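Novice: Give me the fold of what follows.
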Amino acid sequence: MPRTTRPARTPAPAPEPPTTTAPAPTPALRVAGAAVLAALLVGAGAPPAVADTIRDRQWGLQALRAEEAWGITQGDGITVAVLDTGVDSTHPDLDGQVLDGTDLVGMGAGRGDRAWARHGTAMASIIAGHGHGPDRSQGVLGIAPHARILPVRVILEEGDPGRAKARDSKSGALAEGIRWAADHGADVINMSLGDDSDSAHHEAAEDEAVQYALAKGVVVVASAGNGGERGDHTSYPAAYPGVIAVAAVDRQGRKAPFSTRHWYATVSAPGVDVVIADPDRAYYEGWGTSAAAAFVSGAVALVKAAHPGLSPAQVKKVLEDTATGRPAGGRDDARGHGTVDPLAALQAAAALRPEGPAPVAVPAGRRFFGPGPDPAPAAGRGSRRTAPAAAAGGAALLVLAAVLARRPRAARRDAAGESFPPAG
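Specialist: The predicted structure is shown next:
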């Protein structure tokens, strides 16, 4: 099943530093054999804006108290793998931050083509953009401006000439990319993509790859989906165990209408009117749970930079416990545990004792959890009579087990009777 991506915008090039607004989503792009809905940002032409306006429009940084968090760390020493359409390492807002990555698709558009690395560059700028110009006052600042980006190309942009071929021949690129990133120094994996189509389903290879990364201590983040107005279908990889699944909110902290509502939502982050960098050297405003996931990956980079020993499970829980705007009851399917708060997460993480990525067996305090078995009877007639009874009991248990094994498994349900849309 092909992965779809919702890449960006189709604006005309504009001189630095224009911004554009995003009116409506573009059609989903199907790529590489498994459904990869790349959460995305859409854009349209807008008048040029002065440099200061780029930074002024980055409302997500204020909403997440980024400058206060930067008083503790800016993500130094942390590598965020961006599994996406590629990243433009020469962009002035990312220059020097992008490591040598890999292309697991191996076809389609190349550097300089319009349909190359737009979505991936946008996500990288949200995570680790450092701006440019005098005192880096121009361009886009990411939430973790000192983090490094490891680009892993696993999907193609909409309009890419190799899209149809990749759909048929590169279905395993996402699973392969997760493992590649985990083996090549990633501390965090950002997947601003997903499949929330009607045919979306669990892919064993992807789930296993996620578990592989988690076991190596890599935090995995994915967009919850952009299907909030299209049925709230479950989106993968967001729904795999251990993944931090991110929903999108607007400037008022309300769930964005397009954001998928589902049981797996962990936290939320800005996903409306988000300023992004583009390989064409213009700037655009976009929307999507893709952007929200990128913000959270940047927040994770800050936490990992300050507290590198924390396990993926600890990082996920500290984000949940410190989120702001917590829904009634502590969590709901629309916004998870609330909006991520990097500063609060950093402060709370300071009190945590690092744990290993995999649970460690703890010896029991006593040999038996109950009174224990009855003492063995003395050898004799009594013991001979009990043997058939024990055998009969064992047979009964086996029969019961066989009956239970034939019963159909209950369908997985949303805990609140709700569902979620596609990622991105």
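Novice: residues of stretch 68-84 that come out buried?
Specialist: The neighbour-count check on stretch 68-84 (16 or more other C-beta atoms under 10 Å) flags 69-70, 72-75, 78-84 as buried. C-beta: built from backbone N, CA, C; applies to glycine.
Novice: now the residues you listed as JSON lines including pLDDT?
Specialist: Shown next, in JSON lines, are the buried residues of stretch 68-84 (pLDDT from 0 to 100):
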{"residue": "69", "pLDDT": "98"}
{"residue": "70", "pLDDT": "98"}
{"residue": "72", "pLDDT": "98"}
{"residue": "73", "pLDDT": "98"}
{"residue": "74", "pLDDT": "98"}
{"residue": "75", "pLDDT": "98"}
{"residue": "78", "pLDDT": "98"}
{"residue": "79", "pLDDT": "98"}
{"residue": "80", "pLDDT": "98"}
{"residue": "81", "pLDDT": "98"}
{"residue": "82", "pLDDT": "98"}
{"residue": "83", "pLDDT": "98"}
{"residue": "84", "pLDDT": "97"}
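Novice: Out of those, the closest to residue 55 would be?
Specialist: residue 70 (14.1 Å; C-beta to C-beta).
Novice: For the buried residues of stretch 68-84, could you give me TSV that also reports secondary structure and distance to residue 114?
Specialist: Formatted as TSV, the buried residues of stretch 68-84 follow (DSSP: H, G, I helix; E, B strand; the rest coil; distance: C-beta to C-beta, whole Å):
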residue	secondary structure	distance to residue 114
69	helix	35
70	helix	34
72	coil	40
73	coil	37
74	coil	32
75	coil	31
78	coil	32
79	strand	29
80	strand	26
81	strand	25
82	strand	20
83	strand	22
84	strand	16
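Novice: Make a markdown table out of those residues and add distance to residue 275.
Specialist: Formatted as a markdown table, the buried residues of stretch 68-84 follow (distance: C-beta to C-beta, whole Å):
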| residue | distance to residue 275 |
| --- | --- |
| 69 | 19 |
| 70 | 18 |
| 72 | 24 |
| 73 | 23 |
| 74 | 19 |
| 75 | 19 |
| 78 | 23 |
| 79 | 24 |
| 80 | 19 |
| 81 | 23 |
| 82 | 17 |
| 83 | 22 |
| 84 | 18 |
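Novice: Contact partners for the most centrally placed residue in the chain?
Specialist: What sits nearest the mean C-alpha location of the chain, by C-alpha atoms, centre = their mean, is residue 222, with 1.5 Å. Contacts for residue 222 (C-beta atoms under 8 Å, 6 or more residues apart in numbering) come out as 190-194, 235, 237-238, 240, 243-246, 293, 423.
Novice: Would you agree it falls within a strand?
Specialist: Yes - counting by DSSP: H, G, I helix; E, B strand; the rest coil, residue 222 is located in a strand.
Novice: so where do the helices sit in the stretch 201-350 of the chain?
Specialist: Taking DSSP state H, counting those that start in this stretch as the criterion, the stretch 201-350 of the chain carries its helices at 204-215, 289-306, 312-322, 342-349.
Novice: where in this protein is pLDDT low?
Specialist: Where the chain drops to pLDDT under 70, the residues are 1-52, 359-424.
Novice: if you set the cut-off to 50 instead, what comes out?
Specialist: Scanning the chain with the threshold set as pLDDT under 50 gives 1-37, 42-50, 382-424.
Novice: can you map out the strands along it?
Specialist: Ranges of strands in the chain, per DSSP state E, are 3-5, 29-31, 79-84, 102-103, 130-132, 138-141, 148-153, 188-191, 219-223, 244-249, 265-270, 274-277, 283-286.
Novice: right, and those - which one's nearest residue 200?
Specialist: Of all the strands of the chain, strand 3-5 comes closest under C-beta to C-beta, at 9.3 Å.
Novice: Please indicate which of the helices of the stretch 201-350 of the chain has the most neighbours on average?
Specialist: Highest mean neighbour count among these (mean count of other C-beta atoms under 10 Å): helix 289-306, with a mean of 32.
Novice: returning to that earlier point: I'd like the strands of the chain laid out as TSV, including distance to residue 112.
Specialist: Formatted as TSV, the strands of the chain follow (distance: least, C-beta to C-beta, whole Å):
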stretch	distance to residue 112
strand 3-5	20
strand 29-31	20
strand 79-84	18
strand 102-103	15
strand 130-132	20
strand 138-141	20
strand 148-153	15
strand 188-191	25
strand 219-223	28
strand 244-249	31
strand 265-270	31
strand 274-277	17
strand 283-286	19
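Novice: can you tell which of those strands is closest to residue 198?
Specialist: Comparing the strands of the chain by C-beta to C-beta, strand 3-5 comes nearest, at 11.5 Å.
Novice: Now the helices of the stretch 201-350 of the chain in CSV, please, with extra columns for distance to residue 167.
Specialist: Shown next, in CSV, are the helices of the stretch 201-350 of the chain (distance: least, C-beta to C-beta, whole Å):
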stretch, distance to residue 167
helix 204-215, 16
helix 289-306, 20
helix 312-322, 31
helix 342-349, 37
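Novice: what's the closest of the ones you listed to residue 175?
Specialist: Closest among those, using C-beta to C-beta: helix 204-215, at 4.1 Å.
Novice: got the contact list for residue 147?
Specialist: Neighbouring residues of residue 147 by C-beta under 8 Å, 6+ apart: 74-76, 78-80, 97, 127-128, 298, 301, 305.
Novice: How about it: what's its closest non-neighbour residue?
Specialist: residue 75 (3.5 Å; C-beta to C-beta, 6 or more residues apart in numbering).
Novice: mind listing what that neighbour touches?
Specialist: The neighbours of residue 75, taking C-beta under 8 Å, 6+ apart as the test, are 128, 144-147, 298, 301-302, 305.
Novice: wait, which of those residues is closest to residue 286?
Specialist: Out of those, the member with the shortest distance to residue 286 (by C-beta to C-beta) is residue 298, at 16.1 Å.
Novice: How much space separates the closest one from residue 327?
Specialist: Distance from residue 298 to residue 327, counting by C-beta to C-beta, to the nearest Å: 23 Å.
Novice: same question, residue 87
Specialist: Going from residue 87 to residue 327 by C-beta to C-beta gives 34 Å.
Novice: Distance from stretch 100-120 to the middle of the chain?
Specialist: On the basis of C-alpha atoms, centre = their mean, to the nearest Å, stretch 100-120 sits 20 Å off its chain's mean C-alpha point.
Novice: Kind regards, and thank you for your time.
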